[in-house]
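Participant: Sharing a sequence plus its predicted fold:
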Amino acid sequence: NSAHHVTGTGRGVHGDTKTFEVSSYQGQYVLWDQTRGGGIQTYTANNGSSIPGYLVASRTTTFNDPAAVDAHYYAAKVYDYYKNVHNRNSYDGRGTSLVSTVHYGRNYMNAFWNGRQMVYGDGGSQNGYTPFSAGLDVIAHEMTHGVTSSSDASQLIYRNQSGALNEAISDIIASDVDSNDWLMGEDINYVIRDLANPTRYNQPDHMSKYVNTTQDNGGVHINSGIINKAAYLMADGGSHYNVTVQGIGRAKMAKIFHKANLDYLYSNSDFSAARSACIQAATALYGAGSQEVQTVTNAFAAVGIH
Ligand SMILES: CCCCC[C@H](S)C(=O)N[C@@H](Cc1ccccc1)C(=O)N[C@@H](C)C(=O)O
Ligand SMILES: [Zn+2]
């Protein structure tokens, strides 16, 4: 009812004033947007590790927790992206409420999806103590893990090639949401991946450079560079290892990966299965023999996946 559609305001981590949907609750205002799906709720762990923690509240409609303001604002942005671009209601397509927790742990230099919700650390000395919720690409990355894990087809086991694919899909969709560059982490003072040039941040950009390791769940944040590069080539085109790719644009590339994730990938799909899944998705979306199918085929060939 109308009591619930209250406009809140607050400054984000970078000092910018944002407005967002809040609710009146027990005589206070809380970061609970009841206008999107089953709701968007933002909590704080108060630098503890039990989640979700406490619903962020304020005595007025002004909120003074920049990390929470950004988490809440960007969660709504990514909700709207999935609804408007992919016609998907929340991460599971069923409108399940979207929950975030900020101020997780102490100087925690990461963000993650714990199977049910998004969780953000406050950052540390390596990124100027910038909370991880200050980056739209971070929120989009984490929510996309929720999409992947709720797609009964894929799950994409978080290890080795299926895990690197899981990570790549989160980066790829995040690059369509935060679409003015191909970098990951630029808004949290922590650029750690570049889809256009994975080698810039020590990621492989071709199968011949695949890293077999026990670190990082079998290199899920390392080998994702190979799939990330293929996605970049699909979108912007280019020549890579003597293979030329005709770009089809970021939007079509993201539709192909999203459809592949939901309909054609499975828990232990490897990089070769990702190629097949993207070809099948492009065929379903744009037709056999379409430029899009050709571009997908060539992009995977360019990174050594046939
Ligand atoms: C706790 C277990 C590890 C979870 C890893 C999460 S899903 C993850 O991949 N987080 C992103 C955060 C991110 C997203 C976009 C831009 C910058 C940073 C990530 O890449 N984490 C790196 C630091 C990592 O875990 O190695
Ligand atoms: Zn991730």
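Facilitator: Here it is on my side, so go on. Computed from a predicted model, the values in this text were never measured in an experiment. Ligands and ions are numbered 1, 2, ... in the order given.

Participant: ok, Phe112 - contacts?
Facilitator: For Phe112, the contacting residues are Met118, Val119, Glu142, His145, by C-beta atoms under 8 Å, 6 or more residues apart in numbering. All C-beta atoms are positioned from the backbone trio N, CA, C, and that covers glycine.

Participant: Show me the strands paired with the host helix or strand of it, marking each as parallel or antiparallel.
Facilitator: Secondary structure assignment for Phe112, by DSSP states H and E: strand 111-113. Strand pairing for strand 111-113, using DSSP bridges, gives strand 118-120 (antiparallel).

Participant: so which of the contacts of Phe112 is the most crowded?
Facilitator: Met118 (30 neighbours; other C-beta atoms under 10 Å).

Participant: That one against His141, yeah?
Facilitator: No - with contact defined as C-beta atoms under 8 Å, Met118 does not reach His141; the gap is 9.4 Å.

Participant: Mind listing the shared neighbours of the two?
Facilitator: Ala111.

Participant: could I get the contacts of Phe112 as CSV with pLDDT and distance to ligand 1?
Facilitator: Below are the contacts of Phe112 laid out as CSV (pLDDT from 0 to 100; distance: C-beta to the nearest ligand atom, whole Å):
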residue, pLDDT, distance to ligand 1
Met118, 98, 10
Val119, 99, 8
Glu142, 98, 6
His145, 98, 6
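
Participant: Quick one: neighbours of the residue nearest to Ser90 when sequence neighbours are not counted, just the number.
Facilitator: Once flanking residues are discounted, Ser90 sits nearest to Gly37: 4.4 Å by C-beta to C-beta, 6 or more residues apart in numbering. Using other C-beta under 10 Å, Gly37 has 21 other residues around it.

Participant: is it true that Gly37 lies in a helix?
Facilitator: No - with DSSP: H, G, I helix; E, B strand; the rest coil as the criterion, Gly37 is assigned coil and is not in a helix.

Participant: That one contacts Tyr91, correct?
Facilitator: No - using C-beta under 8 Å, Gly37 is not in contact with Tyr91; the gap is 9.4 Å.
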